[in-house]
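Asks: I'll drop the sequence and a predicted model, then ask my questions.
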Amino acid sequence: MTRTVATGAFAVIGGLSAALALLTGPLAARADELADLRANQELLQKRIDQLSQAPPQAAPYVPGFGPETHKEVSGVPAVGGSFPRSFLIPGTDTSLRIGGFANGQALWYIKGAAPGGQLDGQGTRSFIFTEGQGGTGNLGSIPLNNAIGRGRSQVFGISGRQTRFLVDARTPTAWGQAKAYLEIDFSYNNTNVTVENAQGVASSWLPRLRKGYATLGGLLAGQDTGIMHDPDSDPELVDFGGEATSNGRARAPQVKYTYAGPYGTVFNAGIENPVPRLNGPFGQVDIDTQQIPTIAACSVTGNTAANLPADTACLGNAAFFSPLQSVWPEAIATARVNQPWGHLQIGGVVRTDYLNDGQGLERKYVGFAGTFSGDAHPFSGTPGPLGKDDLGYKFMAGVESAGQIANGVGIVTNFGAPINVPGVGLVNPLSGPFSAAWNARDSTQSLPNSAIVNGINVRHAYDLLVKTQSPNTFSGAIWYQHWWTENMRSTLEISGIWNALNTSILGPGTNNNKQLSIAHANIFWSPVAFIDFGFEYAWGHRVQVTNFKGDAYTLQGEMRVRF
């Protein structure tokens, strides 16, 4: 019995000893780890103290440039800004985004490229247009079926001038958000200077201001998307020229106020820079046009002015005969409603065209236009890519709408054409025996005796016989975008515009477009969210008031990386 009790006691003591060893083992190990950490910390602190006391090392030497001069990193981490893809500037309330995209595109005109200046005006491709045959591109200048060089209108080209850069800075204030925005690309062109090296070793493309504006709350001033334009009703196209027509100007200097109302409504009202337009015997002329088309240019080899290079564009002095005058801004207002399934927008504009030649012609004409546009997701709420399908549309109508309906027309006039003046004869302000009298001036800019023929003031009599008319314009566009997968989609688009121009006023041989239409079909693939590959086919059609016609067919592809 005693032996049994002893044996049990020893067993209990042995178990307690084992348990104590198991408990003290991890504690000892943890104590060793803490000691190691303290030692490492002490070594690290000593190293930091040594580095802080060491003399500064010379910056690395860069061959050809010398030592680096970069600033030391402050150690302040970047903080996300108030809007997507922006960051907060340290020490301020301003959120800044620097972005844009790099774009490369290839364009093949199977047929219908507008001719360039070589070969007596029948050369290969004019570079004054954007890449693509859309409304702001080649469409309005497609070679007609009576053109001499229509058989050599096949052209291929590669370009990167659509590349875009933007800076967007936003700061909250007691008056609402203040915003400064700048956007440029490289699609600048000059129709009065020969473009050199456009496809050579060094391209001549220059930066172009697309947008530059300031906002405070709902007030905006500067150059931005036109007030009447509806970007959300625009299709996704490879063609940088866009549709045949659109509501409002793509971009315009303006002052506007935006008010966000209830139930998803948004109201805009403002004024835009006036751009008077006329359609006359020499074609379409805007207030900033430097020449009237089709006037015979002087001989580059025989009549080039002194001290100018031989390739300087030598143009006729027809700009003198544009009587357009900018007087009143163009007043515009829009109303819009946004819903999960899409949006609707209506808008209207009132504008003026002034004709004033400083003598007997002083007339004012009022034009106006209205628009209805929007988009709708027909399968809104459907899971998968089908729910992203989109249908867009826009319809415009106006009288003397000019650029407020893209490719619209201004006042129709015969100013500048030969007119039979009773008692004088046929007066042609550009040439002929009475052109000198019509243009006569003395040192005080008044008409001298040489302007009087048979007792008649030639210029004043001519001006009284000038005819004008305010033309009608109707246009529209419709498109559908289908999403095949989450990163692949296609768009089918068709658009057109018709201008009612009085040919009895314009006269024969006029260079004015009566009808423009275009259709696009494309496919886009985005392997990642910020990269797009696009391929597109387009057909364009042009009809002049003389009923001569022309067609263009293009294939166009692009690669775009946004940042």
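Replies: Structure's in. What do you need?
Asks: in its sheet, what does the particular helix or strand that has residue 333 in it sit against?
Replies: When elements are assigned from DSSP states H and E, residue 333 belongs to strand 330-339. Looking at strand 330-339 with DSSP bridges, its partner strands are strand 265-272 (antiparallel), strand 342-356 (antiparallel).
Asks: Which parts of this structure belong to which domain?
Replies: Under the assignment automatic domain parsing, the domains of the chain span 79-287+322-415+467-562, 419-464.
Asks: and these, which one's lowest on average pLDDT?
Replies: Across the domains of the chain, domain 419-464 has the smallest mean pLDDT, namely a mean of 78.
Asks: secondary structure element for the residue lying closest to residue 460 once chain neighbours are set aside?
Replies: In space, and not counting its chain neighbours, residue 460 is closest to residue 360: 3.9 Å by C-beta to C-beta, 6 or more residues apart in numbering. The way it works is simple: take the backbone N, C-alpha and C, and place the C-beta from them, glycine included. Of the helices and strands defined by DSSP H and E, none includes residue 360.
Asks: can I assume residue 360 is in contact with residue 458?
Replies: No: Residue 360 is beyond contact range of residue 458, at 10.1 Å (criterion: C-beta atoms under 8 Å).
Asks: which one of the two has more residues nearby?
Replies: Using other C-beta atoms under 10 Å, the more surrounded residue of residue 360 and residue 458 is residue 458, with 27 against 14.
Asks: Keeping just the C-alphas, turn stretch 262-270 into CSV.
Replies: Only the C-alpha atoms of stretch 262-270 are listed here, as CSV (Å, rounded to 0.1, in the frame of the first residue of the first chain):
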residue,chain,number,x,y,z
PRO,A,262,-34.3,68.0,-59.3
TYR,A,263,-35.0,64.5,-60.7
GLY,A,264,-31.8,64.4,-62.7
THR,A,265,-32.4,67.6,-64.7
VAL,A,266,-29.6,70.0,-65.8
PHE,A,267,-30.1,73.4,-67.3
ASN,A,268,-27.4,75.4,-69.3
ALA,A,269,-27.7,79.0,-70.6
GLY,A,270,-25.0,81.2,-72.0
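Asks: Buried residues, it. List them.
Replies: 268, 270 (16 or more other C-beta atoms under 10 Å).
Asks: And the strand ranked longest in the chain, how far out from the chain middle?
Replies: Across the chain, the longest stretch assigned as strand under DSSP state E is strand 95-111. Centroid separation for strand 95-111 versus its chain: 11 Å, with C-alpha atoms, centre = their mean, to the nearest Å.
Asks: partner strands of that strand, parallel or antiparallel?
Replies: strand 87-88 (antiparallel), strand 155-159 (antiparallel), strand 164-173 (antiparallel), strand 549-562 (antiparallel).
Asks: Just the CA trace of the third one, in CSV.
Replies: Meaning strand 164-173. Coordinates of each C-alpha in strand 164-173 appear next as CSV, following Å, rounded to 0.1, in the frame of the first residue of the first chain:
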residue,chain,number,x,y,z
ARG,A,164,-3.8,64.6,-76.5
PHE,A,165,-2.6,66.2,-73.2
LEU,A,166,-4.7,67.6,-70.4
VAL,A,167,-4.3,69.3,-67.0
ASP,A,168,-7.3,69.5,-64.6
ALA,A,169,-7.1,71.3,-61.3
ARG,A,170,-10.0,71.6,-58.9
THR,A,171,-10.2,73.4,-55.5
PRO,A,172,-13.2,73.7,-53.1
THR,A,173,-14.3,77.2,-52.2
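Asks: Give the partner strands of the helix or strand following that strand in its sheet and their orientations.
Replies: Following strand 164-173 in sequence order, the next helix or strand is strand 176-185 (DSSP H and E). Strand 176-185 pairs in its sheet with strand 164-173 (antiparallel), strand 208-216 (antiparallel), by DSSP bridges.
Asks: and the shortest one, which residues are buried?
Replies: Yep, that's strand 208-216 we're talking about. For strand 208-216, the neighbour count (16+ other C-beta under 10 Å) marks 210, 212, 213, 215 as buried.
Asks: Off-centre distance for that strand?
Replies: How far strand 208-216 lies from its chain's middle: 12 Å, per C-alpha atoms, centre = their mean.
Asks: I'd like to know which elements whatever helix or strand comes next after it is packed against.
Replies: Helices and strands here follow DSSP H and E; after strand 208-216, the next one along the chain is strand 219-224. The contact analysis (3 or more C-beta pairs under 8 Å, 6 or more residues apart in numbering; DSSP states H and E) places strand 219-224 against strand 208-216, strand 252-260.
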